[in-house]
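Engineer: need a 3D model of the sequence below.
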Amino acid sequence: MSRSTLAPPEVAVRTGRRSFLRPDVRREVAIAIGIVLVAVAVPIIAGNSYWLQAILLATVYVIAASGLNILRAQAEQLSFGQGAVMGVAAYTTALAVAAWEYPLPVAVLLGFLAGMAAGMILALPSLRVQGYYLGFVTMAGALALPEIFFLFEEQTRAVTGVNVPPSAIRDVVFWRTEWLTLVIVAFAIAALVVAGMVKSSRFGRQLKVAGTSPEAAMTLGLRPGRLRLQAFAVASLMASVAGVLYVLLIQYVAPGSFTLALSILLYFVVVIGGAGTIVGPLLGVGILYLVPDVALASLVDYRLLIYGVTAFVIMFLMPDGIAGGLRRLLHRLRGRTAPVVTISLREVLAQAPEAGEDGNASGPDAPPGPLLRAEGLAARFGQVQALDGIDLEIGRKEIHAIVGPNGSGKTTLLNAISGLVAVDSGTVFFDGRDVSSIGASGRARLGLARTFQTPRVFADMTVWENVDCGAADGGTHWFAKALEAVREQWDRLPAATLPHGQRRFLEVARALRRGPVLIALDEPAAGLSVAERKEFSSLLRSVVAATGASVLMVEHDLELVWGTADRISVVDAGRVVVSGPPAEIRHLPEISRLFAGVNHVAG
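Structural biologist: The predicted structure is shown next:
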C-alpha cells in the first residue's frame with residue numbers, strides 16, 4: 001500500500017506561536033467583518049436613516065445567528081428557541097429601564113443575565129433528548145414566551161408594550177455616527193471573531209465530536225453533556241447581547257416582537273446562509289430579512305411563506321447553504337482536487353523514549369498484576385443475556401484478542417470494559433483500580449482508549465483535527481509531542497479523502513495521542529485489504545513495543561488474530577469458553593471448530 005513520506009524525527013515543525021484563527025477561517029472572518037463595515041458605512045455616508053436602522057437591526061440578528069451557528073454546526077444541536085432567549089433579554093432590559101427605573105448599565109446587566117438564564121433553561125433538555133425532539137422542546141419555549149408575557153400583563157405591559165426612553169448611547173459621536181452604531185458593529189465583529197475562534201479551536205472540534213458521536217467523545221475523555229451545555233451557553237450569550245442591543249436600537253418591545261417567527265428566522269438564517277461558515281449568517285440575514293422585510297416591505301405578512309420557499313429552493317440547489325455552495329463552486333472553477341496523501345505512524349513510533357521515560361507505559365513504576373481484570377460481568381438486554389458472568393484478565397504489554405461467533409457478546413464485553421455499557425453485575429479493575437462505577441469518559445482519562453467497528457472519522461475536519469479533538473490531558477505524552485512533526489502535513493489533508501484502511505490508522509493515532517495504557521479495538525481489520533491487514537498487524541506490534549500499552553481487540557479475522565495476539569479468549573453465549581496463549585489452546589476441542597481452516601492453527 002502506498003504511503004506518504006513523513007517529516008523525519010529530527011525535523012521540528014517551525015510554526016512558532018500558533019494563531020487562534022486558522023488561515024482559511026481568518027480570511028472568512030476578514031470578509032465577514034468587511035461586509036459588516038461596508039453595509040453600515042454606506043447608509044451613513046448616504047444619509048439614509050431608514051436603511052441605517054434596517055442594517056443595524058440586521059447586524060443585531062447576525063450576532064444572535066452567529067451564536068446559533070456555533071450551536072447548530074459545531075455542536076450539532078437543533079434549537080428553535082434562540083428568539084425566545086433574545087426576547088427575554090430584550091424585555092427584561094426594557095422593563096428595568098422603563099418600569100423599574102434602573103440606570104441603563106444595571107438594566108443592561110439584568111437583561112443579559114435574564115437571557116442567559118432562559119438560554120440555559122432551554123439547554124437542559126439537551127442532556128436527555130437530541131435531534132428533532134430537542135428542536136420541538138425548544139420550539140415549545142419560543143411558543144410559550146408571548147403567552148407568558150400576556151399571562152403577567154400587569155408586570156410586562158404586554159398589551160401596550162414597553163417604550164424605552166432614549167439615552168446617551170444614542171448621541172452622535174462624529175459625523176452622523178451614534179455611539180450605539182459603534183457598539184453594535186463592535187459586538188458584531190466580536191461575534192464573528194468568536195465564531196472563527198471556536199471553529200479553529202480544539203473546543204470547537206470537541207463540540208463537533210460530541211454532537212456527531214457521543215460514544216466516540218466519551219472514549220476520548222470528553223463529557224458530551226457538558227459540552228452541549230457549553231455550546232448552548234455560547235449561543236445564549238450572543239442571543240442575550242442581541243436582545244439587549246435590540247432594545248437600545250428599537251426603543252420599544254412587545255410580545256409580538258419575539259414570536260416563534262423570530263426563532264424560525266434565526267434558524268433559517270443559519271441553514272440557508274451556510275451552517276458552519278462565518279459569512280453564512282450575514283448572507284442568510286440579507287436574503288431572509290433585508291429582502292422580504294425591508295426591500296419588499298409590502299410582503300411582510302408572507303414572511304413565513306417566503307422563508308419556506310427560499311429554504312426549499314436554496315437547499316435544493318445548494319445543500320450546504322449559500323456560502324457552502326459558493327465555496328464548492330469556487331473550488332470547481334479553480335479545478336482544485338483533494339490531495340492524494342496517506343498517513344503513516346512508523347516515523348512517529350520510532351521516536352519512542354526508553355522504558356520508563358516520558359510516560360512510556362512499560363516503565364518500572366507500573367503496579368504489579370494484570371492491567372485489567374473483569375470479574376463476573378453480566379448484562380441482560382430484554383430477554384437476551386449478552387454477558388453471563390464473564391471473567392477476563394489482560395496483561396501488560398500484551399495483545400489480547402477476543403474471538404467468537406456472531407452474537408456471542410464480544411462487542412458488549414468491549415463496551416462493558418470501556419464503560420459504554422452499564423453491566424447488571426460484576427467488577428472491572430483497571431491498572432489496580434476499581435473502575436466499575438466510572439463512566440467511559442472517566443476510564444478514558446485513566447488511560448483506556450477505544451476505537452469502533454465503523455471508524456469514527458469526521459469528514460469535515462482535516463486529519464490533524466481528527467487526531468487533536470480529545471480531552472487535553474494527554475498532550476504531554478511523548479507520542480503527542482512526536483506527532484507535532486507531522487502536524488502541518490496532516491492539517492492540510494482532508495479526512496474525507498482517506499480510504500477506509502487509512503481511517504483505521506487515523507483512529508489508532510487519535511487513541512495513542514492521549515498516552516493510553518490500554519487500547520480497545522472493535523474489529524479493526526474489517527474492510528481492510530490483505531496488504532492492509534498485514535500492515536495493521538505490524539502496526540499493533542510496533543505500538544506495543546514503542547508505547548508499552550496493551551491492546552485488546554475483538555476480531556473475526558482469525559489469521560490476523562493467530563499471527564498477532566499474545567493471548568486469545570474465546571467467547572460464546574456471553575461466557576469465556578477458553579483463554580490462553582495461541583500455542584496452548586490451538587489443539588483444544590472447544591475451539592477446533594472455530595479455527596477450522598486457519599493454517600496457523602492446523603499446524
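Engineer: check this protein for its longest helix and report it.
Structural biologist: Using DSSP state H, we find that the single longest helix of the chain is helix 224-250.
Engineer: what is that one packed up against?
Structural biologist: If you count contacts as 3 or more CB pairs under 8 Å, 6 or more residues apart in numbering; DSSP states H and E, helix 224-250 packs onto helix 49-69, helix 82-98, helix 104-123, helix 179-200, helix 202-212, helix 214-219. For every residue, glycine as well, the C-beta is placed using N, CA and C.
Engineer: would you reformat the ones you listed as a markdown table and include distance to residue 346 and mean neighbour count?
Structural biologist: Output for those, formatted as a markdown table (distance: least, CB to CB, whole Å; neighbours: other CB atoms under 10 Å):
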| stretch | distance to residue 346 | mean neighbour count |
| --- | --- | --- |
| helix 49-69 | 40 | 24 |
| helix 82-98 | 48 | 29 |
| helix 104-123 | 45 | 20 |
| helix 179-200 | 30 | 20 |
| helix 202-212 | 26 | 23 |
| helix 214-219 | 25 | 23 |
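Engineer: take those helices and lay them out in TSV including distance to residue 438 and mean pLDDT.
Structural biologist: Shown next, in TSV, are the helices and strands packed on helix 224-250 (distance: least, CB to CB, whole Å; pLDDT from 0 to 100):
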stretch	distance to residue 438	mean pLDDT
helix 49-69	34	96
helix 82-98	35	97
helix 104-123	25	97
helix 179-200	29	97
helix 202-212	19	96
helix 214-219	11	95
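Engineer: TSV for those, including distance to residue 251?
Structural biologist: Listed next are the helices and strands packed on helix 224-250 as TSV, based on distance: least, CB to CB, whole Å:
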stretch	distance to residue 251
helix 49-69	11
helix 82-98	9
helix 104-123	12
helix 179-200	10
helix 202-212	36
helix 214-219	44
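Engineer: which one of those helices lies closest to residue 437?
Structural biologist: helix 214-219 (15.1 Å; CB to CB).
Engineer: give me the most central residue, the protein.
Structural biologist: Nearest residue to the geometric centre of the chain (CA atoms, centre = their mean): residue 208, 1.5 Å.
Engineer: ok, now how distant is it from residue 165?
Structural biologist: As defined by CB to CB, to the nearest Å, residue 208 lies at a distance of 45 Å from residue 165.
Engineer: what sits against residue 228?
Structural biologist: Residues in contact with residue 228, defined by CB atoms under 8 Å, 6 or more residues apart in numbering, are 75, 77, 123, 126-127, 210-211.
Engineer: just to revisit the earlier point, list the buried residues for the longest helix of the chain?
Structural biologist: Judged by neighbour count (16 or more other CB atoms under 10 Å), helix 224-250 contains these buried residues: 224-225, 227-232, 234-250.
Engineer: over to stretch 462-477?
Structural biologist: In stretch 462-477, counting by 16+ other CB under 10 Å, buried: 462-471, 474, 477.
Engineer: give me the lowest-pLDDT entry from those.
Structural biologist: In terms of pLDDT, the lowest of the buried residues of stretch 462-477 is residue 474, showing 60.
Engineer: so where do the strands sit in the stretch 501-603 of the chain?
Structural biologist: With DSSP state E, counting those that start in this stretch, the ranges of strands along the stretch 501-603 of the chain come out as 518-522, 550-554, 567-572, 575-580.
Engineer: adding mean neighbour count, mean pLDDT and distance to residue 84, write those out as a markdown table.
Structural biologist: Output for the strands of the stretch 501-603 of the chain, formatted as a markdown table (neighbours: other CB atoms under 10 Å; pLDDT from 0 to 100; distance: least, CB to CB, whole Å):
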| stretch | mean neighbour count | mean pLDDT | distance to residue 84 |
| --- | --- | --- | --- |
| strand 518-522 | 25 | 95 | 42 |
| strand 550-554 | 25 | 95 | 46 |
| strand 567-572 | 22 | 92 | 51 |
| strand 575-580 | 17 | 91 | 54 |
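Engineer: save those as JSON lines, and put in distance to residue 32 too.
Structural biologist: Below are the strands of the stretch 501-603 of the chain laid out as JSON lines (distance: least, CB to CB, whole Å):
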{"stretch": "strand 518-522", "distance to residue 32": "42"}
{"stretch": "strand 550-554", "distance to residue 32": "46"}
{"stretch": "strand 567-572", "distance to residue 32": "55"}
{"stretch": "strand 575-580", "distance to residue 32": "58"}
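Engineer: just for the chain, where's the confidence low?
Structural biologist: Counting by pLDDT under 70, the chain shows low-confidence ranges at 1-18, 294-298, 300, 303-304, 336-341, 354-367, 473-476, 590-603.
Engineer: can you pull the contacts of residue 557?
Structural biologist: With contact set as CB under 8 Å, 6+ apart, residue 557 has these partners: 525, 533.
Engineer: go on, residue 442?
Structural biologist: Applying CB under 8 Å, 6+ apart to residue 442 gives the contacts 419, 435.
Engineer: so what's the gap between the strand or helix carrying it and the chain middle?
Structural biologist: Per DSSP states H and E: residue 442 is located in helix 440-445. Computed by CA atoms, centre = their mean, to the nearest Å, the chain-centroid distance of helix 440-445 equals 17 Å.
Engineer: just the helices in the stretch 351-500 of the chain please.
Structural biologist: Secondary structure of the stretch 351-500 of the chain (DSSP state H, counting those that start in this stretch): helices at 410-418, 440-445, 463-467, 478-483, 487-491, 500-512.
Engineer: what residues sit buried inside stretch 23-30?
Structural biologist: Buried, per 16+ other CB under 10 Å, within stretch 23-30: 25-26, 28-29.
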